[in-house]
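# sequence and predicted model, in that order:
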Amino acid sequence: SYIYHTLHPMNGTYGMSQFTATGPFLSLFAGTAFEITNPQADNVADWIYNAFEPLIYQGAMFRMVKGRDPSGEHSSGTSAVNGMIAVLDALSPEDQANVKSIIKKQVLTDTTVNFYTALGLTQVIELTKIMEDDSVQPKESYQINKVYHNEDKVMHQRDDFAMGISMSSSRMFNYECINNQNMTGWYVGDGMIEYHVKGDFVQSNNAYWNSINPYRLPGTTVDTQERQAVTIAQGNEYLSSKDFVGGVSDGSYGAAVMDYSRDGMAAHKSWFMFDDEMIALGNGINSYTDMDIYTNINQCLQNGDVVIGTAGGTAKAKAGTQEIAGGSYVWHDGIAYFSDEPMELTLEERTGKWSTVNGGNTTGEETKNVFQLGQHHGVRPDNGTYSYRVLFGKTEEETAAYAKGNQVPVSYTHLRAHETGRNL
């Protein structure tokens, strides 16, 4: 974890700056009479394996550890490559080989970046050697579940997808907004989920944050009150009174929980992560306001067809808003969403401009088609609940076959206990 500006997760911003500044310094003196021999210098390799690699997928650094900067996910990933190359000479032979493998994989998989123009001359020379060296093989498989307990964040990666859960608590502010940046990031730390699937770079494009509805961040359970796009001075950010937030992991599989309370609304939220699916459960959803409460299953840029699957077959969804009957599923962009409860699907054009996200940006408006899926809990729900499954990396046909033979029993054993019948 890298925590800065009091209580904000900053691996992808200030943490990245420290990493890219430290590497050249260590490498400069490596192999000389002035070599830095302090054992803590070895921590730099651990930074790569624990603070950066798990948080990068196909070259994109997950937004949840970028503080007030909602854009530039691939720029941050490129900075990580820059830092890894710069520190190579200070690493042990074993770590050198591992890190070169990580670098080669990222350069090959992130087709949005031309690394030979994005990096400096010294790094490009070293990168060319790595890419032309047949003895360096790109890292073939990376499967990890990692809980960043100091940051209230959880990462889950497989070869075909990656997802991150962004939570907050009495230990961690829910979002940062200073210098007119991230002015609509109200729910970034309220259980937001980021989804990425193999070969798809649409959702990690900067246009994502410019176009989506900031009230509908994936994974969150929120009210519908109007919020102001304003800068919040450091130290005045929202800090929850709840400390039962975090997760458990064996390194491959994991579970996360969030005791959520904000502005007269509360919910108990949990997520269970497996090989190709995630199960999300919620209960204890209560509100003392007169606003509709809504759980956001996903919101993303529409990328191709949206398919609705029911007992009677499948059909392509049309633009607009429609209710999806319980027991059905929705498939879009390599991800399928299942629920025994009704879901609301909205496909619409949205126009946004960066000045609403970053006050210093004067870029014009941009219009995108947006996919939104969620569940209503109504006004003043009394111990409301939700349950849904997310299946990753399947085609439309594979999802239909999966739906025929996979029903996951879910039971709420207690108001504050969640369990799933899914077996590992």
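That came in fine, so what should we check first? Residues are numbered from 1 along each chain as shown.
# can we go C-alpha only for contacts and neighbour counts from here?
Noted.
# is Met343 bridged to anything, and to what?
Beta-bridge partners for Met343, by DSSP bridges, are Ile324.
# ok, the one 10 residues further on next?
Partner residues in beta bridges with Lys353, using DSSP bridges, are Glu365.
# list the contacts for it?
Going by C-alpha atoms under 8 Å, 6 or more residues apart in numbering, Lys353 touches Asn210, Ser211, Thr363, Gly364, Glu365, Glu366.
# just Asn358 next, same as before
The contact partners of Asn358, by C-alpha under 8 Å, 6+ apart, come to Asn180, Gln181, Asn182, Met183.
# any chance of the contacts of Lys353 in CSV, plus distance to Thr37?
Converted to CSV, the contacts of Lys353 look like this (distance: C-alpha to C-alpha, whole Å):
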residue, distance to Thr37
Asn210, 46
Ser211, 49
Thr363, 48
Gly364, 52
Glu365, 53
Glu366, 52
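# show me where the stretch 201-350 of the chain has helices.
Per DSSP state H, counting those that start in this stretch, the stretch 201-350 of the chain carries helices over the ranges 207-211.
# then the stretch 1-150 of the chain?
Using DSSP H, counting those that start in this stretch, helices in the stretch 1-150 of the chain cover 14-29, 43-46, 73-87, 93-109, 115-118, 121-132.
# same for the last one, what does it pack against?
Helices and strands in packing contact with helix 121-132 are listed as helix 73-87, helix 93-109; criterion 3 or more C-alpha pairs under 8 Å, 6 or more residues apart in numbering; DSSP states H and E.
# and these, which is most packed in?
helix 73-87 (a mean of 23; mean count of other C-alpha atoms under 10 Å).
# show me what it is packed up against.
helix 14-29, strand 60-61, helix 93-109, helix 121-132.
# the shortest one: partners in the sheet, and parallel or antiparallel?
Applying DSSP bridges, strand 60-61 is found paired with strand 56-57 (antiparallel).
# so for the partner strand, mean pLDDT?
The average pLDDT for strand 56-57 rounds to 96.
# just stretch 174-181 next, same as before
Per-residue pLDDT over stretch 174-181 has a mean of 90.
# between the two ends of stretch 57-67, how far is it?
Stretch 57-67 has an end-to-end distance of 18 Å (C-alpha to C-alpha, to the nearest Å).
# distance between that stretch and the chain's centre?
The chain centre lies 7 Å from the centre of stretch 57-67; the measure is C-alpha atoms, centre = their mean, to the nearest Å.
# which of the contacts of Asn358 tops the neighbour count?
Tallying neighbours with other C-alpha atoms under 10 Å puts Asn182 at the head of these, with 28 neighbours.
# list the residues that contact it.
Counting by C-alpha under 8 Å, 6+ apart, Asn182 touches Arg68, Asp69, Pro70, Glu176, Val357, Asn358.
# ok, now which ones touch Trp271?
By C-alpha under 8 Å, 6+ apart, the contact list for Trp271 reads Ala255, Ala256, Val257, Met278, Ile279, Ala280, Leu281.
# out of the residues you listed, which is nearest to Glu398?
Met278 (16.8 Å; C-alpha to C-alpha).
# that closest one: neighbouring residues, count only.
Neighbour tally, Met278, other C-alpha under 10 Å: 20.
# relative to Ser204, how far out is it?
From Met278 to Ser204 the distance is 20 Å (C-alpha to C-alpha).
# what do you get for Met10?
Met10 sits 18 Å away from Ser204, going by C-alpha to C-alpha.
# what about those two, which has more around it?
Neighbours were counted for Met10 and for Ser204 using other C-alpha under 10 Å; Ser204 has more, 26 against 23.
# what's stretch 91-98 in contact with?
Contacts of stretch 91-98 (C-alpha under 8 Å, 6+ apart): Asp42, Ala45, Leu88, Asp89, Val136.
# do you know how far the fourth one is from Glu126?
For Asp89, the distance to Glu126 under the criterion C-alpha to C-alpha works out to 11 Å.
# more neighbours, the two?
Using other C-alpha under 10 Å, the more surrounded residue of Asp89 and Glu126 is Asp89, with 18 against 13.
# re the thing from before, adding pLDDT and distance to Tyr329, write the contacts of stretch 91-98 out as TSV.
Putting the contacts of stretch 91-98 into TSV (pLDDT from 0 to 100; distance: C-alpha to C-alpha, whole Å) gives the following:
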residue	pLDDT	distance to Tyr329
Asp42	89	48
Ala45	94	43
Leu88	96	47
Asp89	95	51
Val136	97	43
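# buried ones among those residues?
Among those, those buried by neighbour count (16 or more other C-alpha atoms under 10 Å) are Ala45, Leu88, Asp89, Val136.
# so the second one is in contact with Ser27, correct?
Right, the one you point to is Leu88. Yes: in this structure, Leu88 is within contact of Ser27 by C-alpha atoms under 8 Å, at 7.0 Å.
# got any ranges where this structure has weak pLDDT?
Scanning the chain with the threshold set as pLDDT under 70 gives 359-363, 406-424.
# and with 80 instead?
For the chain, residues meeting the criterion pLDDT under 80 lie at 235, 353-364, 405-424.
# centroid-nearest residue for it?
Glu194 (3.0 Å; C-alpha atoms, centre = their mean).
# how much space between that residue and Trp209?
Separation of Glu194 from Trp209 (C-alpha to C-alpha): 12 Å.
# for the contacts of Asn182, could you give me JSON lines that also reports distance to Thr109?
Listed next are the contacts of Asn182 as JSON lines, based on distance: C-alpha to C-alpha, whole Å:
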{"residue": "Arg68", "distance to Thr109": "27"}
{"residue": "Asp69", "distance to Thr109": "23"}
{"residue": "Pro70", "distance to Thr109": "22"}
{"residue": "Glu176", "distance to Thr109": "30"}
{"residue": "Val357", "distance to Thr109": "29"}
{"residue": "Asn358", "distance to Thr109": "29"}
